[in-house]
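**Student:** Give me a 3D structure for the following:
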Amino acid sequence: MAFVAAVPLLVTGVFFLPRETRLALALLYTEPSILTSYASHFVHLDLPHILANLLVYTLVVPFSLVVSIKSGRRRRFYIVAITVLLAFPFVLSGLNLLFPRPRIGFGLSGINMAFVGYLPHVLASHLESERLDTDTLGETVLQLGFFLGTTVIALRVALSLQPGLSAGSEWLLAAGVGSALASILFARPIVASLRAHPHSVEEFAPPTVLFGGALFVLLVLIGFPQVSVTDGSVVNVFLHLLGYSLGYLTPYVTFRVLGVDIKALRRYR
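**Tutor:** The predicted structure follows:
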């Protein structure tokens, strides 16, 4: 758990630096540097911002670690976490710079959303470890989680856009509807199984998965609040979406598509 606690300690330590130092570490989109591309993700300028990000981190990361340990996926979690903390800041900053504008970027939100994107993997692995015949169910839950989260994100952002920020809202609504349809498609086998075995709800949805699913939806809602301009600042929805998508897709491609086996890699050291 020391590994998990290191990030809040780092973020809190940076927060107590002089404001001028924190501003110097923030990512200036028109004049980026390698240092600010990484360090900006651990910078916060006000108390509500840092408290909100620490809350999300505290909710998702320890839970994911505990469930991963219980599922026999401890090493996988650590590999994902190290990748998110060491590599993702540069990737998120680099992709953000595709749209240069006279603003600064900072905060742990992108990293947090990467861990939220990984949460469906944690829950699917837990299902697969609890039952011997849930390879298909785990995969279904994994894909359902991603599309359900995408539905919430797209519809929440599109419906909250205010005048002056509404460009592309039609595309967001279309993406939300498409993701909702995909969610229904992936939910159908689960619903059919529950109808066929009405007394096996706990078998198909153990308490850990139910709690994790509720936590996942809650964190998506927190990570994508109402889009508005306050004191000249605006929530970087693009960064949050990048973090969420990369947090889901990177482990999916690595472990589900390519079939990378952590234990096998360890044997060939």
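
**Student:** What is the least confident helix or strand in this structure?
**Tutor:** Lowest on mean pLDDT, DSSP states H and E among the helices and strands of the chain sits strand 229-230, with a mean of 50.

**Student:** For the protein, which residues score under the pLDDT cut-off?
**Tutor:** Applying pLDDT under 70 to the chain flags the ranges 1, 131-135, 160-171, 193-194, 196-205, 226-235, 262-269.

**Student:** Tell me both backbone torsions, phi and psi, for Leu142.
**Tutor:** phi -60, psi -50 (degrees, to the nearest 10).

**Student:** Skipping adjacent residues, who's closest to it in space?
**Tutor:** Nearest non-adjacent residue to Leu142, counting by Cβ to Cβ, 6 or more residues apart in numbering: Ala124, 4.0 Å away. In this view, the C-beta of every residue, glycine as well, is placed from N, C-alpha and C.

**Student:** which stretch of helix or strand covers Arg156?
**Tutor:** helix 135-160 (DSSP states H and E).

**Student:** which stretches of the stretch 101-250 of the chain form helices?
**Tutor:** Using DSSP state H, counting those that start in this stretch, the helices found in the stretch 101-250 of the chain span residues 109-130, 135-160, 169-196, 201-204, 207-223, 237-251.

**Student:** Now tabulate those in JSON lines and tack on mean neighbour count and distance to Val11.
**Tutor:** Shown next, in JSON lines, are the helices of the stretch 101-250 of the chain (neighbours: other Cβ atoms under 10 Å; distance: least, Cβ to Cβ, whole Å):
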{"stretch": "helix 109-130", "mean neighbour count": "26", "distance to Val11": "10"}
{"stretch": "helix 135-160", "mean neighbour count": "20", "distance to Val11": "24"}
{"stretch": "helix 169-196", "mean neighbour count": "14", "distance to Val11": "30"}
{"stretch": "helix 201-204", "mean neighbour count": "13", "distance to Val11": "38"}
{"stretch": "helix 207-223", "mean neighbour count": "17", "distance to Val11": "16"}
{"stretch": "helix 237-251", "mean neighbour count": "22", "distance to Val11": "15"}
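
**Student:** picking that back up, contacting residues around the residue nearest to Leu142?
**Tutor:** Ala124 makes contact with 138-139, 141-142, 145 under the criterion Cβ atoms under 8 Å, 6 or more residues apart in numbering.

**Student:** at 6 Å what do you get?
**Tutor:** With Cβ atoms under 6 Å, 6 or more residues apart in numbering as the criterion, the residues that contact Ala124 are 138, 141-142.

**Student:** One more: Ala182?
**Tutor:** Applying Cβ under 6 Å, 6+ apart, the residues near Ala182 are Phe147.

**Student:** Now do the residue lying closest to Val217 once chain neighbours are set aside against His126, distance only.
**Tutor:** Excluding its sequence neighbours, the residue lying closest to Val217 (Cβ to Cβ, 6+ apart) is Val152, at 6.5 Å. Going from Val152 to His126 by Cβ to Cβ, to the nearest Å gives 22 Å.

**Student:** Touching, Ser183 and Phe147? I think so.
**Tutor:** Yes. Counting by Cβ atoms under 6 Å, Ser183 does reach Phe147; the two are 4.5 Å apart.

**Student:** what about Gly13, neighbour count?
**Tutor:** 10 (other Cβ atoms under 10 Å).

**Student:** by contact count, what packs against the helix or strand encompassing it?
**Tutor:** Using DSSP H and E, Gly13 maps to helix 2-15. Helix 2-15 is packed against helix 47-70, with contacts defined by 3 or more Cβ pairs under 6 Å, 6 or more residues apart in numbering; DSSP states H and E.

**Student:** just the angle between the helix it packs on and helix 2-15, please?
**Tutor:** Helix 47-70 and helix 2-15 are oriented at 170 degrees to each other (axes from the mean of the first three to the mean of the last three Cα atoms, to 10 degrees).

**Student:** chain center to helix 47-70, what's the gap?
**Tutor:** Put simply, helix 47-70 sits 11 Å off its chain's centre (Cα atoms, centre = their mean, to the nearest Å).
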